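# give the three-dimensional model of this entry:
(one chain, ligands or ions: 1)
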Amino acid sequence: MKDTRPFPPLKNDNLLRAARGEVVDRVPVWVMRQAGRYLPEFQELRKLHDFFTVCRTPELACEVTMQPLRRFDLDASIIFSDILVIPQALGLTVEMHAGVGPVLPQPIRTPEDLKRLTPDGALSRLSYVGDAITMMRHKLDGRVPLIGFTGAPWTLMGYMIEGGGSKTMSKAKAWLYDYPEDSKLLLNLLTDVIVDYLEMQVEAGAQMLQIFESSAEHLTKDEFLVWSVPFLRRIRDDLVDRLTKKAVSTVPLTIFAKGAGHSLKEQSELGYDVIGLDWTVDPVEARAAVGPNITLQGNLDPQDMYRDPSELHTLTTDMVHKFGKSRYIANLGHGITPQTPIASMEVLVDAVHKAL
Ligand SMILES: Cc1c2[nH]c(c1CCC(=O)O)Cc1[nH]c(c(CCC(=O)O)c1C)Cc1[nH]c(c(CCC(=O)O)c1C)Cc1[nH]c(c(CCC(=O)O)c1C)C2
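Residues are numbered from 1 along each chain as shown. The predicted model follows:
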């Protein structure tokens, strides 16, 4: 049965205030992939349960979501899941191979393979994510906001065609030129599922949403504007439309398009509240490109987490000074890597909170 109890009131809303451009008590900080492999308690839990079993079991997903919050004074939680649950819900097999990452043994190779996708009922096959979100809102007891997320269409298309991660996304890029109409069909199909999925997450209790366009880095600027931007725009517009029609309050939206620092101005015109930056982008140049009405998120190099604590402290403080206290959410410029020392997370969070 659906849990319809009201959610506990939010105690620390600095993340949401930063996203809306309101005054914050302190610069909010969270870390992409903050629940995961660098935490021994996550490794322990993973010895007992397969990756997607954790995603599909709300108690386990909530436990893993909570793990970083027990250790660090973070200002946000992000629901434990993966971007590849959408390809899974569309009928593709996704396996998580230790030391490799996601593997899709029967990828989409030709336009003919698109017939294997099953968009009908995809949303109901993702209902476990909504259940985990609702449970997590209660478990958080209002301590920090809960972020929901999705992969963006181009990034999901990449994994579905490559059959897993890829250094070049060459097969997926070949599709854009060999089969442009079928590529658009696939990107639109994914966009439709993503809008349904994000709407469901908001109704389940997600207080902010991040769209991961992690594979933007494989596109040129021109390609990004054709194969990513229109779909990112439609996700935002359709989602806001849907929520407005249902009289559900909309939540702040973040676009993280890794490697798309060439198109910050274009990203700022998509209607998203927050733009996530990778570490190659200079904070001052990013602010100049997007103007004053967008919140920026990022962007410490994840490799800086391997520096000694005093260096890390200085780099973090300098970063926060460059972004400033208004319209800023501190984060890394991409996911935290598996060997990161736990002490570095403490240094990062502490340095952000003390910087201004
Ligand atoms: C902890 C984890 C996750 N996914 C994977 C792992 C490690 C695998 C394991 O435990 O066995 C496999 C897992 N899943 C994926 C990868 C990347 C593989 C590759 O491209 O080579 C791996 C190792 C695919 C994936 N998955 C995700 C992205 C987008 C973000 C990014 O660019 O890093 C991508 C590209 C998102 C993701 N994935 C995850 C979260 C959880 C919430 C959090 O704490 O942040 C999120 C937000 C969780």
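# could you find the closest non-adjacent residue to whichever residue of the stretch 101-250 of the chain sits closest to the ligand?
Proximity of the stretch 101-250 of the chain to the ligand (C-beta to the nearest ligand atom) peaks at residue 165, 2.4 Å away. Yep, even glycine has a C-beta here, placed from its N, CA and C like the rest. Residue nearest to residue 165 in three dimensions, not counting chain neighbours: residue 101, with 5.1 Å by C-beta to C-beta, 6 or more residues apart in numbering.
# neighbours of that neighbour, how many?
Residues near residue 101, counting by other C-beta atoms under 10 Å, number 14.
# likewise for the one 5 residues further on?
Here the number of neighbours of residue 106 (other C-beta under 10 Å) works out to 11.
# who's in contact with it?
Contact analysis of residue 106 by C-beta atoms under 8 Å, 6 or more residues apart in numbering lists 92, 93, 116, 163.
# ok, it to residue 134 distance?
Distance of residue 106 to residue 134, computed by C-beta to C-beta, to the nearest Å: 33 Å.
# around the ligand, which positions in the stretch 201-350 of the chain sit nearby?
212, 214, 334, 335 (C-beta under 6 Å from any ligand atom).
# confirm that residue 272 sits in a strand.
No: the assignment for residue 272, made by DSSP: H, G, I helix; E, B strand; the rest coil, is coil rather than a strand.
# from residue 21, how far out is it?
13 Å.
# more neighbours: those two, which one.
Taking other C-beta under 10 Å, residue 272 and residue 21 do not tie; residue 272 has more neighbours (25 against 15).
# nearest to the ligand: which residue in the stretch 251-356 of the chain?
Counting by C-beta to the nearest ligand atom, the stretch 251-356 of the chain gets nearest the ligand through residue 335, at 3.8 Å.
# which helix is the longest one in this structure?
helix 180-204 (DSSP state H).
# show me where the stretch 51-200 of the chain has its helices.
51-56, 58-71, 85-89, 122-125, 127-140, 153-162, 170-178, 180-204 (DSSP state H, counting those that start in this stretch).
# out of the ones you listed, which is the most enclosed?
helix 153-162 (a mean of 25; mean count of other C-beta atoms under 10 Å).
# for the stretch 51-200 of the chain, list the residues in contact with the ligand, please.
Taking C-beta under 6 Å from any ligand atom as the contact definition, the stretch 51-200 of the chain meets the ligand at 51, 78, 80, 82, 83, 84, 96, 101, 102, 149, 165.
# drop anything exposed from these.
Among these, those scoring as buried are 51, 78, 80, 82, 83, 84, 96, 102, 149 (criterion: 16 or more other C-beta atoms under 10 Å).
# before we move on, the earlier item: give the contact list for the residue of the stretch 251-356 of the chain closest to the ligand.
32, 33, 36, 302.
# how about the third one, secondary structure?
Residue 36 falls in the coil class when you classify it by three-state DSSP.
# before we move on, what about the second one?
Taken by three-state DSSP, the conformation at residue 33 corresponds to coil.
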